[in-house]
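Chemist: take this sequence and fold it.
(one chain, ligands or ions: 1)
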Amino acid sequence: MQYPEPIAKLIDSYTKLPGIGIKTATRLAFYTIDMPEEEVTSFAQSLISAKRDLQFCSICGNLTETDPCVICSDKNRDQSQVLVVAEVKDLMAIENTGEYRGLYHVLHGVLSPLEGKGPDDINIESLVNRLQKDETIQEVIVATNANAEGEATAMYLSRLLKPAGLKVSRLATGLSVGSDIDYADQITLIKAVEGRTQL
Ligand SMILES: [Zn+2]
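Modeler: Modelled structure (predicted):
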(Lines give C-alpha, C1' and ligand atoms only; values in the text may rest on other atoms or scores of the structure.)
Protein backbone atom coordinates (compact mmCIF):
# COMPACT_ATOMS: atom_id res chain seq x y z
CA MET A 1 0.00 0.00 0.00
CA GLN A 2 1.47 3.30 -1.06
CA TYR A 3 0.51 6.79 0.01
CA PRO A 4 -1.57 8.78 -2.46
CA GLU A 5 0.72 10.79 -4.69
CA PRO A 6 0.13 14.27 -3.14
CA ILE A 7 1.27 13.08 0.28
CA ALA A 8 4.09 10.97 -1.14
CA LYS A 9 5.35 14.11 -2.91
CA LEU A 10 5.05 16.17 0.27
CA ILE A 11 7.01 13.57 2.24
CA ASP A 12 9.62 13.59 -0.48
CA SER A 13 9.84 17.41 -0.31
CA TYR A 14 10.37 17.39 3.45
CA THR A 15 13.19 14.85 3.16
CA LYS A 16 15.10 17.42 1.08
CA LEU A 17 15.53 19.56 4.22
CA PRO A 18 18.71 19.05 6.25
CA GLY A 19 18.40 16.65 9.19
CA ILE A 20 14.94 15.42 8.14
CA GLY A 21 14.69 11.68 7.56
CA ILE A 22 11.76 9.75 6.16
CA LYS A 23 10.10 9.28 9.57
CA THR A 24 10.12 12.96 10.45
CA ALA A 25 9.13 13.88 6.90
CA THR A 26 6.10 11.59 7.14
CA ARG A 27 5.12 13.10 10.49
CA LEU A 28 5.46 16.64 9.09
CA ALA A 29 3.48 15.74 5.99
CA PHE A 30 0.56 14.42 8.03
CA TYR A 31 0.77 17.42 10.32
CA THR A 32 0.58 19.69 7.27
CA ILE A 33 -2.55 17.95 6.04
CA ASP A 34 -4.18 18.61 9.41
CA MET A 35 -3.33 22.32 9.35
CA PRO A 36 -6.03 24.87 8.41
CA GLU A 37 -5.89 25.61 4.69
CA GLU A 38 -5.03 29.31 5.11
CA GLU A 39 -2.05 28.42 7.28
CA VAL A 40 -0.76 26.00 4.69
CA THR A 41 -1.23 28.61 1.97
CA SER A 42 0.66 31.22 3.95
CA PHE A 43 3.42 28.69 4.73
CA ALA A 44 3.78 27.83 1.05
CA GLN A 45 3.81 31.50 0.09
CA SER A 46 6.54 32.31 2.58
CA LEU A 47 8.69 29.55 1.07
CA ILE A 48 8.21 30.95 -2.43
CA SER A 49 8.69 34.57 -1.40
CA ALA A 50 11.87 33.80 0.59
CA LYS A 51 13.34 32.32 -2.54
CA ARG A 52 11.94 34.75 -5.11
CA ASP A 53 12.18 38.10 -3.31
CA LEU A 54 15.61 37.68 -1.73
CA GLN A 55 18.99 37.99 -3.32
CA PHE A 56 22.55 38.43 -2.17
CA CYS A 57 23.83 42.01 -1.96
CA SER A 58 26.28 42.53 -4.82
CA ILE A 59 28.60 44.47 -2.49
CA CYS A 60 28.65 42.58 0.81
CA GLY A 61 26.87 39.26 0.17
CA ASN A 62 24.12 39.92 2.73
CA LEU A 63 20.64 38.54 2.05
CA THR A 64 18.47 41.38 0.88
CA GLU A 65 15.31 42.42 -0.93
CA THR A 66 17.09 45.39 -2.53
CA ASP A 67 20.54 45.56 -4.05
CA PRO A 68 22.67 47.04 -2.52
CA CYS A 69 21.37 46.01 0.90
CA VAL A 70 20.18 48.50 3.54
CA ILE A 71 23.52 48.31 5.36
CA CYS A 72 25.64 49.05 2.28
CA SER A 73 23.22 51.85 1.31
CA ASP A 74 23.38 53.52 4.73
CA LYS A 75 25.83 56.40 4.42
CA ASN A 76 25.59 57.11 8.15
CA ARG A 77 27.45 53.91 8.90
CA ASP A 78 31.19 53.95 9.45
CA GLN A 79 32.52 53.40 5.95
CA SER A 80 36.06 52.73 7.19
CA GLN A 81 35.35 49.36 8.84
CA VAL A 82 34.34 46.08 7.26
CA LEU A 83 33.45 43.19 9.54
CA VAL A 84 33.87 39.83 7.83
CA VAL A 85 31.52 36.99 8.81
CA ALA A 86 31.10 33.45 7.52
CA GLU A 87 27.30 33.46 7.28
CA VAL A 88 24.38 35.87 7.12
CA LYS A 89 23.18 34.63 10.53
CA ASP A 90 26.47 35.85 12.06
CA LEU A 91 25.92 39.27 10.52
CA MET A 92 22.45 39.31 12.08
CA ALA A 93 23.83 38.33 15.50
CA ILE A 94 26.34 41.19 15.46
CA GLU A 95 23.86 43.64 13.95
CA ASN A 96 21.37 42.80 16.69
CA THR A 97 23.81 43.99 19.37
CA GLY A 98 23.25 47.50 17.95
CA GLU A 99 26.86 48.38 18.83
CA TYR A 100 28.67 47.88 15.56
CA ARG A 101 28.18 50.73 13.08
CA GLY A 102 30.51 49.74 10.25
CA LEU A 103 29.98 47.67 7.12
CA TYR A 104 30.03 43.89 6.57
CA HIS A 105 31.23 41.26 4.18
CA VAL A 106 29.68 37.77 4.15
CA LEU A 107 32.00 34.96 3.01
CA HIS A 108 29.27 32.30 2.72
CA GLY A 109 31.56 29.71 4.25
CA VAL A 110 35.03 29.32 5.72
CA LEU A 111 38.22 27.75 4.46
CA SER A 112 38.14 24.03 5.11
CA PRO A 113 40.93 21.91 3.63
CA LEU A 114 39.23 18.76 4.97
CA GLU A 115 36.08 19.53 3.00
CA GLY A 116 38.11 20.72 0.04
CA LYS A 117 36.95 24.32 0.49
CA GLY A 118 39.58 26.77 -0.69
CA PRO A 119 39.67 30.56 -1.16
CA ASP A 120 37.91 30.31 -4.53
CA ASP A 121 34.94 28.54 -2.96
CA ILE A 122 34.02 31.38 -0.62
CA ASN A 123 33.34 35.07 -1.15
CA ILE A 124 36.97 36.25 -0.81
CA GLU A 125 37.61 37.59 -4.29
CA SER A 126 34.73 40.04 -4.01
CA LEU A 127 36.18 41.24 -0.69
CA VAL A 128 39.59 41.85 -2.25
CA ASN A 129 38.01 43.67 -5.21
CA ARG A 130 35.95 45.75 -2.86
CA LEU A 131 38.94 46.73 -0.74
CA GLN A 132 40.94 47.64 -3.84
CA LYS A 133 38.18 49.86 -5.19
CA ASP A 134 37.09 51.49 -1.96
CA GLU A 135 39.88 53.48 -0.33
CA THR A 136 37.76 54.65 2.59
CA ILE A 137 38.01 51.16 4.11
CA GLN A 138 40.82 51.14 6.67
CA GLU A 139 40.11 48.16 8.87
CA VAL A 140 38.92 44.61 8.27
CA ILE A 141 37.58 42.86 11.37
CA VAL A 142 37.49 39.10 10.90
CA ALA A 143 34.59 37.66 12.90
CA THR A 144 34.69 34.02 11.91
CA ASN A 145 33.96 31.43 14.61
CA ALA A 146 36.68 30.53 17.11
CA ASN A 147 37.31 27.03 15.74
CA ALA A 148 40.09 25.65 13.52
CA GLU A 149 38.39 26.60 10.26
CA GLY A 150 37.45 30.07 11.49
CA GLU A 151 41.03 30.67 12.66
CA ALA A 152 42.51 29.40 9.39
CA THR A 153 40.21 31.75 7.48
CA ALA A 154 41.25 34.68 9.69
CA MET A 155 44.95 33.94 9.21
CA TYR A 156 44.51 33.61 5.46
CA LEU A 157 42.72 36.97 5.24
CA SER A 158 45.34 38.60 7.43
CA ARG A 159 48.18 37.42 5.20
CA LEU A 160 46.27 38.45 2.11
CA LEU A 161 45.16 41.90 3.22
CA LYS A 162 47.88 43.25 5.50
CA PRO A 163 50.43 43.76 2.70
CA ALA A 164 47.89 46.17 1.15
CA GLY A 165 48.29 48.39 4.22
CA LEU A 166 44.96 47.46 5.79
CA LYS A 167 44.52 47.01 9.51
CA VAL A 168 43.27 43.46 10.04
CA SER A 169 41.82 42.51 13.42
CA ARG A 170 40.12 39.53 14.97
CA LEU A 171 37.26 39.41 17.46
CA ALA A 172 38.54 39.22 21.02
CA THR A 173 38.61 35.82 22.62
CA GLY A 174 35.73 36.66 24.95
CA LEU A 175 34.19 34.21 22.55
CA SER A 176 35.44 30.94 23.91
CA VAL A 177 37.14 28.48 21.62
CA GLY A 178 34.66 26.56 19.56
CA SER A 179 31.78 28.90 20.32
CA ASP A 180 29.56 30.04 17.50
CA ILE A 181 28.96 33.71 16.87
CA ASP A 182 25.28 33.25 16.16
CA TYR A 183 24.76 31.60 19.56
CA ALA A 184 26.86 34.02 21.61
CA ASP A 185 24.97 36.36 23.90
CA GLN A 186 24.88 40.07 23.09
CA ILE A 187 27.20 41.27 25.86
CA THR A 188 29.86 38.74 24.84
CA LEU A 189 29.56 39.86 21.23
CA ILE A 190 29.78 43.56 22.09
CA LYS A 191 32.89 42.91 24.19
CA ALA A 192 34.39 40.76 21.43
CA VAL A 193 34.01 43.55 18.88
CA GLU A 194 35.27 46.26 21.27
CA GLY A 195 38.24 44.21 22.47
CA ARG A 196 39.33 42.98 19.05
CA THR A 197 43.01 42.27 18.58
CA GLN A 198 45.15 43.17 15.62
CA LEU A 199 46.38 40.27 13.51
ZN1 LIG B 1 25.37 44.89 1.30
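
Chemist: around the ion, pick out the residues from this structure.
Modeler: Residues of the chain lying near the ion by C-beta under 5 Å from the ion: 57, 59, 60, 62, 68, 69, 72. Every C-beta, even on glycine, is put in place using the N, C-alpha and C of the backbone.

Chemist: please spell out the ChimeraX selection for the buried subset of those.
Modeler: Listed next is the ChimeraX selection for buried residues among the residues of the chain next to the ion, using 16 or more other C-beta atoms under 10 Å:
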select :57,59,60,62,69,72
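
Chemist: how about JSON lines for the residues of the chain next to the ion, with secondary structure and pLDDT added?
Modeler: Formatted as JSON lines, the residues of the chain next to the ion follow (DSSP: H, G, I helix; E, B strand; the rest coil; pLDDT from 0 to 100):
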{"residue": "57", "secondary structure": "coil", "pLDDT": "97"}
{"residue": "59", "secondary structure": "coil", "pLDDT": "96"}
{"residue": "60", "secondary structure": "coil", "pLDDT": "97"}
{"residue": "62", "secondary structure": "coil", "pLDDT": "97"}
{"residue": "68", "secondary structure": "coil", "pLDDT": "96"}
{"residue": "69", "secondary structure": "coil", "pLDDT": "97"}
{"residue": "72", "secondary structure": "helix", "pLDDT": "96"}
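
Chemist: for residue 122, state which of the residues of the chain next to the ion is nearest.
Modeler: residue 60 (13.6 Å; C-beta to C-beta).

Chemist: what sits against the closest one?
Modeler: If you count contacts by C-beta atoms under 8 Å, 6 or more residues apart in numbering, residue 60 has them with 68, 69, 71, 72, 103, 104, 105, 106.

Chemist: how close does it sit to residue 159?
Modeler: Look at residue 60 and residue 159: by C-beta to C-beta, to the nearest Å, they are 22 Å apart.

Chemist: what does residue 23 give?
Modeler: Distance of residue 23 to residue 159, given as C-beta to C-beta: 47 Å.

Chemist: do the same with residue 72
Modeler: Separation of residue 72 from residue 159 (C-beta to C-beta) stands at 26 Å.

Chemist: try residue 109
Modeler: Distance, residue 109 to residue 159, by C-beta to C-beta: 18 Å.

Chemist: neighbour count winner among the two?
Modeler: residue 109 (17 against 11; other C-beta atoms under 10 Å).

Chemist: could you give the secondary structure assignment for that one?
Modeler: Using DSSP: H, G, I helix; E, B strand; the rest coil, the three-state assignment for residue 109 comes out as coil.
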